[in-house]
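[1] One predicted model, sequence on top.
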Amino acid sequence: MSQTPREKLGGLLRDLRSEGSFSTRRTTPVGDLDIEVQGVGPLRLPVPASQAKQLRLVARPAKYGQGEQTVFDRRVRDTWEVPRSRVKIDKRKWNRTLRPMLTDIAGTLGLTSDVSLTAELHSMLVYEPGQFFASHQDSEKSDEMIGSLVVMLPSASTGGELVVEHHGETATYGESRSCGCPKSSHSV
């Protein structure tokens with residue numbers, strides 16, 4: 001069976017070794033981000049249980065990408081998704097914090113200095129106790145996408161981890177002890 005040009009390129013890129021890391025984390029003060037959710041109001045950080053409950057009430061069961069389709073299966077992804085249309089982020093604060101961070105992240109990932117990263121909001125997820133997203137590979141949202149940026153908001157919750165795997169290496173992100181909050185402020 002012959003490979004498409006994209007599959008051939010993917011194979012070549014998999015064999016390349018870079019000086020960069022496949023995953024990285026950054027943490028910022030909670031005041032560097034203002035989020036407002038329609039039907040909930042401005043989020044308080046760390047997110048109190050009462051506000052997490054309000055988020056859950058405006059959320060819907062989360063779907064996920066499987067090839068070219070978007071599907072719902074709680075055995076694979078059991079969490080809640082707040083529609084992007086309900087989420088408003090103060091772009092001035094976000095850009096002031098994130099733009100310099102993205103330049104630093106690009107270097108850590110081993111990207112060349114002529115690469116400029118941008119971030120786009122895809123979804124806001126709310127995990128209740130016992131909820132999960134099974135091991136998976138994020139689907140590409142556009143041809144320019146090179147990775148996923150995960151922003152973990154501080155909350156009163158405990159437990160839960162984000163595990164990133166690549167070519168047999170693993171990075172695990174969970175609770176942050178440095179900000180005095182059970183969850184990390186902003187992790188990448």
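    Happy to help now that I have it. As the structure is a computational prediction, the values presented were derived from the model and not from experiment. Residues are numbered from 1 along each chain as shown.

[2] how about the residue nearest to the spatial centre of the chain, secondary structure?
    For the chain, the residue nearest the mean C-alpha position is Val150 (1.9 Å; C-alpha atoms, centre = their mean). Judged by DSSP: H, G, I helix; E, B strand; the rest coil, the three-state class of Val150 is coil.

[3] Pass me the low-pLDDT residue ranges in this protein, would you?
    Judged by pLDDT under 70, the chain has its weakly predicted residues at 1, 15-18, 157, 175-188.

[4] Could I have the CA atoms of the longest helix anywhere in it written out in CSV?
    Across the chain, the longest stretch assigned as helix under DSSP state H is helix 91-108. Output in CSV follows, covering the C-alpha atoms of helix 91-108 (Å, rounded to 0.1, in the frame of the first residue of the first chain):
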residue,chain,number,x,y,z
LYS,A,91,-7.3,39.4,25.5
ARG,A,92,-5.0,42.2,26.7
LYS,A,93,-4.0,40.3,29.9
TRP,A,94,-3.9,37.0,27.9
ASN,A,95,-1.6,38.4,25.3
ARG,A,96,0.6,40.3,27.8
THR,A,97,1.2,37.0,29.6
LEU,A,98,1.1,34.4,26.8
ARG,A,99,3.0,36.0,23.9
PRO,A,100,6.4,36.1,25.7
MET,A,101,5.6,32.7,27.1
LEU,A,102,5.0,31.3,23.6
THR,A,103,8.3,32.5,22.4
ASP,A,104,10.0,30.8,25.3
ILE,A,105,8.0,27.6,24.8
ALA,A,106,9.0,27.5,21.1
GLY,A,107,12.6,27.5,22.1
THR,A,108,12.1,24.8,24.7
